[in-house]
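Trainee: predicted model and sequence follow; I will ask about them next.
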Amino acid sequence: MKKAIKITKVLLLSLFALVLLILAAHAIGYFINNRTPKGGINESMYIDINGTKQWINIYGESKNNPVLLYLHGGPGSSTSEIDYAFTRQWADIYTVVTWDQRNCGKSYDKSQNADKLTKAMLMKDAKELTEFLIEHLGVEKISILGHSWGSIYGANLVLDYPELYEALIGSGQLVDIVENEKAFKTQALKWAKGDEETLELIEKINPEKISLESIEAKNKILNKYGLSMMKDGSDYSLLATILFNPNYSIKDWISYFHRDRQSYLDFYKSDEFKAFSLKGRYDYQVPYININGDMDYQVNYKLAQDYYDDVNAPYKATYIMKNTSHGLMESKSKKFSYLLHKVHDEIYNRK
């Protein structure tokens, strides 16, 4: 009995020491990563957007750089738990704004769970944020980099409000959710080739009526064929990134694991999401750029390329990352950053 008590005490002390070590490491990482670059900017804040409080971070090495608003994917899949690790790789050429869209990430508010997400609501959110950034940072326009859901969101913004934006950069470019799911189903049938297990999963996918079951089936197929979003892992330490995150407190992490994402699942299945379709909308008044992976079937890169071919814009360019799936910026951040620097030079050197 005494031996058991002694072992328990040792375990509790070890656990306590581990917690202290983690907290100390987080504090050190927070201090280092929360510093403002000399001559630059590093601001985190909640701002009033369309009747809600939403969180943003503004980070850049020079206040004279153009402003880039990063729109995360999902919908509802905020990346604030890790995105400083890859977005800060762009901070030498852009003042980068990361934003947790309404009711997700650090903008999560359970009182909003019953709110129905609509296209009009989300478009107003982004427009108000854009107008705030233009005034707050003293610029005339900003650029958008959207990933996945963020790419179709960003395209709609640029098409509707071209006077507010300098350029659109789409990554994992989504064109139309129904056509995307149809293309995935067609491709999956080619992979299956008589594989009954995969064929059963394919039967659960209805492009016209997305459900949680169809989403799970699609992800299982992608995993089975080695095409998951993070199939290549990451070129930075995810553990260190999480541990040293300058934007997340213990309270934020507790909230992170208690989020209710039903409102975004409802939106994903709704006609409101379908209303963001880019079909037939090809005329852009600003430069249009795509960076996509050639193994991206979560958002079909071939449909993105077909759409790109029809786009009319003052300038357009497309880049294909080889052997890369949907999580290109999160997974191969250095290669993505290299291409983004190239895009930046082409956009601003052409002026």
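Mentor: Looks like it came in fine. Numbers count the residues shown, from 1 in each chain.
Trainee: what's the nearest residue to Trp55 if we skip its chain neighbours?
Mentor: Excluding the flanking residues, the one nearest Trp55 by C-beta to C-beta, 6 or more residues apart in numbering is Lys106, at 3.9 Å. In short, each C-beta sits where N, CA and C put it, glycine included.
Trainee: who's in contact with the one you found?
Mentor: Listed by C-beta atoms under 8 Å, 6 or more residues apart in numbering, the contact set of Lys106 reads Trp55, Ser78, Ser80, Asp100, Asn247, Tyr248, Asp252, Ser255.
Trainee: and it, helix, strand or coil?
Mentor: Following DSSP: H, G, I helix; E, B strand; the rest coil, the label given to Lys106 is helix.
Trainee: so which strand or helix has Lys127?
Mentor: Here Lys127, judged by DSSP states H and E, is contained in helix 119-137.
Trainee: report all helices and strands that that helix contacts.
Mentor: Judged by 3 or more C-beta pairs under 8 Å, 6 or more residues apart in numbering; DSSP states H and E, helix 119-137 is in contact with strand 41-49, strand 52-60, strand 67-71, strand 95-100, strand 142-147, helix 149-160.
Trainee: what average pLDDT does the shortest one get?
Mentor: Across strand 67-71, pLDDT averages out at 98.
Trainee: chain center to that strand: distance?
Mentor: 11 Å (C-alpha atoms, centre = their mean, to the nearest Å).
Trainee: just put the contacts of Lys106 in a markdown table and tack on neighbour count, secondary structure and distance to Asn42.
Mentor: Output for the contacts of Lys106, formatted as a markdown table (neighbours: other C-beta atoms under 10 Å; DSSP: H, G, I helix; E, B strand; the rest coil; distance: C-beta to C-beta, whole Å):
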| residue | neighbour count | secondary structure | distance to Asn42 |
| --- | --- | --- | --- |
| Trp55 | 22 | strand | 14 |
| Ser78 | 22 | coil | 19 |
| Ser80 | 24 | coil | 14 |
| Asp100 | 23 | strand | 17 |
| Asn247 | 20 | coil | 10 |
| Tyr248 | 21 | coil | 15 |
| Asp252 | 16 | helix | 17 |
| Ser255 | 16 | helix | 22 |
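Trainee: just the helices in the chain please.
Mentor: For the chain, the helices defined by DSSP state H occupy 2-33, 84-87, 119-137, 149-160, 177-192, 196-203, 212-224, 238-243, 250-256, 262-268, 271-274, 301-310, 328-331, 333-349.
Trainee: turn those into TSV, including mean pLDDT.
Mentor: Formatted as TSV, the helices of the chain follow (pLDDT from 0 to 100):
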stretch	mean pLDDT
helix 2-33	60
helix 84-87	96
helix 119-137	98
helix 149-160	98
helix 177-192	94
helix 196-203	91
helix 212-224	93
helix 238-243	88
helix 250-256	83
helix 262-268	93
helix 271-274	96
helix 301-310	97
helix 328-331	94
helix 333-349	94
